[in-house]
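Asks: build me a structure from this.
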Amino acid sequence: MAVGAFLWASLLLAGQPFAAQLTLEAETDSLGTPVVAYNVMEVASTGADEVHLCIFSGRTEGLVGTLKSVALHAQEPEKVHVWIVTDDISAVDKAGSYLSDTGINLHAINLDDAVEDLKTNGYKPIWLWDEYKTSVYGPDGVMRQEWVNENTARPFDWDHDLMHMHRLNHLRFYIPHLSQFKDLDRIIFLDDDLIVQTDVRQAWDSKENFPKGSVMAGTCDFWRYRTGLSSYVFEGRSNYARSFTLPQGGRSLDHTYCYGWKKQGCVGGNHWTNLNKRFEEIHGKKYKPWDQTEWNFGYVLFDLTAWRKQKLTDIYEKWMKVNYEDHIYPETSVMFGLGIAYMAFYDRVSCWEDVSKPAINIRDGLGYISFSEMQFTGMTDSYLTSASVLHYDGKSKPWMANADMILRIPYEKTLEGLTLKEYAPIVKKVVKEGLQRNLNSSFLVVTDGSYNTAYSLLEELEKNEQLCISSPKSTDRVSFPAEMFEPYSSNFEKTPNRLKNQCYFSFVSHHIQEVAQNYHQWCVEGDRSQSNQYIAQHLPMMCSLVAKHGEGENSDKKINRMDLFSHFFERLMTGDESLSACTCPATTTSAGAFIHTDYVSFNKKGNSDAIPANVFLSSLEAVRPKIIFLKEGKEDSRFERNLEALGLQVRTESSTDCMNSMTKCVENVQQFIGVEGL
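Replies: Here you go, the predicted structure:
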């Protein structure tokens, strides 16, 4: 199928990524007509050397990245056929114009035509059922409370996305019955948020290794959020009982029920009894979630022959009918979008590593974890560059402005036409040297009075995507904490392995001398068996700091606290993220921090974890950030006089006036910093 020319403006300067939103323009012929042609009656051929993929999407950015990566890593791209089913033909037109130099064959199918084809073949997709959308109402898909009963699993607040009930999300369960695929015995199904780093033929040939009864191979490795760490960690394989795709979520059944104040992330009193009963009716066996490996779509191979033979679409529709009859999973929840698939595919899924040689490995979760979290839990750049496929499932896609600046590199380099072999060294270099941002400014919010005004101001500034600043109420897992310069407190002992601990200067300075004293054993030899539990998770970062700032022999280093603070402060204010696991948003143009004057000690007898005044003032003089001083009293303070002596740019705001007119205060501060308002 003919497609137009590939046009792409690089998102990178000097090999360093920066935040940008992908903008595409479809190429047209001389008459202004898109050059992508369509043939809804076309049927996939069954040539021995051909590889067939299907992708359901209306997103140009996703189609271009995914399919470009497929083509770049295929040894014979001319034998790769991609079938695109879409509800937005213009998106496919644009994507086609960007893929003309790839050699792959594109076949486009309008979603409405696919639906008519299914109806002709005896299937009525679930979105045409009368029951469809009965669990929710309004454009945002709010769950109807009257729909909820004792069978219902009530999702967590975070588990709400219209995508889970989208037509394209459920069309996948009808793939074997589309006329285009009637002669195929297999097909590779792709999501549109992938970067494929290996030849798709390897996946195509893996069908021969499927065990009896299996209809699909998919990824089985996952990241899981750990409350104690306040971050995601790599868990590897799990099972249905531990999966948050289903309502048990790793809990005992007794702890899943709704009661009193517990109204989300819980189930009605009859949920498990009803689910077990319905499962046995449909499958003829007992439901054993701990025996089923958790899996995900994204990059999968379907055995279409086995699917048709086992009548899997019929089983899926039985579960859908049961869901609507019994009111089990609301339609905007992942339990509906993927959990019902877990039930339908029970005992029918293989993991890629078990059916492919060499093993196909999928890096899942790249749209909701950060590279900082990867490093914090022991991963390196090789986690990305050794992968067969990168899957950016989650809300942060690599073409979005807020995407992680390291995780997005494979996507950006793919659009430049680079293969894994060519961009792997780039990823490695950026990880080793750290991301260098060209910030326009830095700033420090200072107060000498009540915290309330300062916290309210921080909450408003945090909403501006150009600013790297957070408030105490921030839910961002890897942002620099608002009170990163507060003196050491017992709160650190309550959550010793929390990611953000290492972003507090007082935590680092409080423990780093112990690391210095054990530097040779812990950092050089790597023997950390005797390390302090409070710093075990943070040793890689602390060892790096000791190596840089320690004095003396490896076995007896000493740390200069003044140099350490200056280094810490300068790295933050310049956007250098090699210091710790904390990071700034990709859209940052100005980095800031908050400090109360009580955090700075002008008295040698004060809090030993407070910042000595001479250390703090010398760091201010070196970096020279803009100062926003929220002043409580009318008379000049000692702190204020020291700021004036340094000749820094200072904007003084009355703490009371700022609180009384926060909108105006925020406008003044943003203008002073030099960023646009919200």
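Asks: quick one, helices of the stretch 51-200 of the chain?
Replies: Secondary structure of the stretch 51-200 of the chain by DSSP state H, counting those that start in this stretch: the helices cover 60-73, 89-98, 111-120, 167-171, 200-205.
Asks: ok, which of those helices comes nearest Ala341?
Replies: Ala341 sits nearest to helix 167-171 of all the helices of the stretch 51-200 of the chain, at 9.3 Å, using Cβ to Cβ. For the C-beta atoms, the positions are set from N, CA and C on the backbone; glycine is no exception.
Asks: buried deepest among the helices of the stretch 51-200 of the chain, which one?
Replies: Among the helices of the stretch 51-200 of the chain, helix 60-73 has the highest mean neighbour count (mean count of other Cβ atoms under 10 Å), at a mean of 25.
Asks: any low-confidence regions in the stretch 151-300 of the chain?
Replies: Judged against pLDDT under 70, the stretch 151-300 of the chain has no low-scoring part.
Asks: ranges for the strands of it?
Replies: 153-154, 186-190, 194-196, 216-219, 222-226, 231-236, 266-267, 296-303 (DSSP state E, counting those that start in this stretch).
Asks: redo these as CSV? Include mean neighbour count.
Replies: Converted to CSV, these look like this (neighbours: other Cβ atoms under 10 Å):
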stretch, mean neighbour count
strand 153-154, 24
strand 186-190, 24
strand 194-196, 28
strand 216-219, 24
strand 222-226, 18
strand 231-236, 18
strand 266-267, 20
strand 296-303, 23
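Asks: can you give me the end-to-end span of stretch 567-582?
Replies: 15 Å (Cα to Cα, to the nearest Å).
Asks: for Glu42, which of the helices of the stretch 51-200 of the chain is the nearest?
Replies: Evaluated over the helices of the stretch 51-200 of the chain, closeness to Glu42 peaks at helix 111-120, with 11.2 Å, by Cβ to Cβ.
Asks: for that closest one, enumerate the helices and strands it packs against.
Replies: Applying 3 or more Cβ pairs under 8 Å, 6 or more residues apart in numbering; DSSP states H and E, one finds that helix 111-120 contacts strand 80-86, helix 167-171.
Asks: can you list the ones you listed in CSV and add distance to Thr227?
Replies: Conversion of the helices and strands packed on helix 111-120 to CSV gives the following (distance: least, Cβ to Cβ, whole Å):
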stretch, distance to Thr227
strand 80-86, 40
helix 167-171, 29
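Asks: quick check: which of the ones you listed is nearest to Tyr346?
Replies: Of the helices and strands packed on helix 111-120, nearest to Tyr346 by Cβ to Cβ is helix 167-171, at 17.9 Å.
Asks: show me what the closest one is packed up against.
Replies: Using 3+ Cβ pairs under 8 Å, 6+ apart, helix 167-171 sits against strand 51-56, strand 80-86, helix 111-120.
Asks: out of those, nearest to Thr588?
Replies: With Cβ to Cβ as the measure, strand 51-56 is the member of these nearest Thr588 (33.3 Å).
Asks: avg pLDDT for that closest one?
Replies: Averaging pLDDT along strand 51-56 yields 97.
Asks: that older thread, comparing the helices of the stretch 51-200 of the chain by mean pLDDT, which bottoms out?
Replies: Sorting these by mean pLDDT places helix 89-98 lowest, at a mean of 88.
Asks: for the stretch 501-650 of the chain, what are the low-confidence residue spans?
Replies: Within the stretch 501-650 of the chain, the segments meeting pLDDT under 70 span 551-556, 579, 603-608, 635-636.
Asks: need the helices for it, in chain order.
Replies: Under DSSP H, counting those that start in this stretch, the stretch 501-650 of the chain gives helices at 505-517, 519, 539-549, 561-574, 613-623, 638-646.
Asks: need the contact list for Ile627.
Replies: Neighbour list for Ile627: Phe443, Leu444, Val446, Leu620, Leu643, Leu648, Gln649, Val650, Arg651 [criterion: Cβ atoms under 8 Å, 6 or more residues apart in numbering].
Asks: one more time with 10 Å
Replies: Taking Cβ atoms under 10 Å, 6 or more residues apart in numbering, we find Ile627 in contact with 443-446, 595, 620, 640, 643-644, 646, 648-652, 672.
Asks: could you do Leu194 as well?
Replies: 55, 62, 65-67, 69-70, 298-299, 362, 366, 389-393, 398, 411.
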